[in-house]
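Undergrad: for reference, the sequence and a predicted model appear below.
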Amino acid sequence: MSIKTKIAAVALAALTVTAGVASATSSAQAKPLGWAIGAGIATAAIVGTAVAASNQPYYYGGYHHCGWSPRYNAFGQYVGSIRTCY
């Protein structure tokens, strides 16, 4: 699953939970729900940032780290190098 999909899923879950809490605790009166929407957006932003920051094994500073890795045959003899990115 890509990071964008994870962020979207977390944002949708946070918005759903916030809407559920707001509807369960509110009475049957018409009143603004600005705080609930703001809390949902803030929660989605915080959780999305945490997910994005914790899941970056292939990038460091936005760039691939590539280098040359030696390859050996079954007898342990050097046969060449290949480019590997990590």
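TA: Arrived safely.
Undergrad: show residues contacting stretch 44-51.
TA: 3, 6-7, 10-11, 14-15 (CB atoms under 8 Å, 6 or more residues apart in numbering). Yep, even glycine has a C-beta here, placed from its N, CA and C like the rest.
Undergrad: could you pull out the helices for this structure?
TA: 3-25, 34-54 (DSSP state H).
Undergrad: quick one, what contacts residue 43?
TA: 14, 18.
Undergrad: and this structure, what are its domains?
TA: 1-55, 62-86 (automatic domain parsing).
Undergrad: and the ones you listed as CSV, adding mean pLDDT?
TA: Shown next, in CSV, are the domains of the chain (pLDDT from 0 to 100):
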stretch, mean pLDDT
domain 1-55, 72
domain 62-86, 86
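Undergrad: any idea how far the closest residue to residue 41 other than its chain neighbours lies from residue 2?
TA: Nearest non-adjacent residue to residue 41, counting by CB to CB, 6 or more residues apart in numbering: residue 15, 7.9 Å away. Using CB to CB, to the nearest Å, residue 15 is found at 20 Å from residue 2.
Undergrad: neighbour count winner among these two?
TA: Taking other CB atoms under 10 Å, residue 15 and residue 2 do not tie; residue 15 has more neighbours (16 against 8).
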